[in-house]
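Trainee: Got a predicted structure plus its sequence, pasted below:
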Amino acid sequence: EALYLGVVGFLSGEEAKGLTHSELEARLDVEGRELLRQLFQDHLDLRSICEVRAEEVRDVTNRYHRSVEQGHRRSLETIFGSVEVTRLAYRAKGSKNLYLGDAGLNLPEEIHSHGLRELGAIEGSRGSYEEAQAGIKRSTGVCLGKRQLEELAARAATDVEEFYSRATRDLTTDSDTLVISCDGKGIVMRPGELRGATKRAAKTTSHKLKTRLTSGEKKDRKRMAELSVVYDCSPVPRSPA
């Protein structure tokens, strides 16, 4: 409530009247995120207060978890910022705790929410991880480490092979077109990963200038990465329009 009243008070005050629309956008962008984060946290706290103890809880081995403890907390990094989830822990000696509250919220095992994971997958596919970091920070204010983004990208791809193994495909017809597309790009490699000839050339080649390459010179640091795609499609006739 205090955050909401603070935003309303700012907008109705003299300071806001002297700001341009872009300055108001920047201010509300920051304070609005914090307001949404606090609303999220308040909702999680309410769910914790209202959580009812289950009469019977068993794990996948059919073992009963009869001991229950309150106040077990875990962090969750969301697109609004960090929040804390408090829930009941169902315990059994020698077994991992069970949290029905986590299942109700469909929480991931790791700290990052599904919303952040989706942003990481989208931004990470557009360019470098550094660019993905900057993009997520611009849109959410959340700072993710490069290693965290790399791990999120790897987790996002875990179901790719199973997805394609189950995907249904329509049979081709004689009128369909078979298409092959290829593209290659030289990728800078670590010295130990260069092929023999390139590695020898890199050791023996001298360049005319230290600051840049002149016409026709190569740094001998790259290997060619090539991607090929084969697919079929139905031809779509095009009109002059």
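Mentor: Everything's here; your move.
Trainee: Quick check, pLDDT for L149.
Mentor: What the model reports for L149 is a pLDDT of 91.
Trainee: show me the residues around it that make contact.
Mentor: G120, G124, Y129, A132, Q133 (Cβ atoms under 8 Å, 6 or more residues apart in numbering). For the C-beta atoms, the positions are set from N, CA and C on the backbone; glycine is no exception.
Trainee: Name the nearest residue to it, sequence neighbours excluded.
Mentor: Spatial nearest neighbour of L149, chain neighbours left out: Y129 (4.9 Å); criterion: Cβ to Cβ, 6 or more residues apart in numbering.
Trainee: wait, that neighbour sits on K146?
Mentor: Yes: with contact defined as Cβ atoms under 8 Å, Y129 counts as touching K146 (4.8 Å).
Trainee: So between those two, which is more surrounded?
Mentor: Ranked by neighbour count (other Cβ atoms under 10 Å), Y129 and K146 place Y129 first, with 19 against 12.
Trainee: Quick check on that one: phi, psi?
Mentor: Recorded main-chain torsions at Y129 are phi -70, psi -30, according to degrees, to the nearest 10.
Trainee: Lowest average confidence across helices and strands of the protein, where is it?
Mentor: helix 196-204 (a mean of 73; mean pLDDT, DSSP states H and E).
Trainee: Let me see the contact set for the closest residue to E69 other than its chain neighbours.
Mentor: Leaving aside its sequence neighbours, E69 sits nearest to A89 (Cβ to Cβ, 6+ apart; 4.6 Å). Residues in contact with A89 (Cβ under 8 Å, 6+ apart) are V68, E69, Q70, H72, N97, L98, Y99.
Trainee: Right, I'll leave it there.
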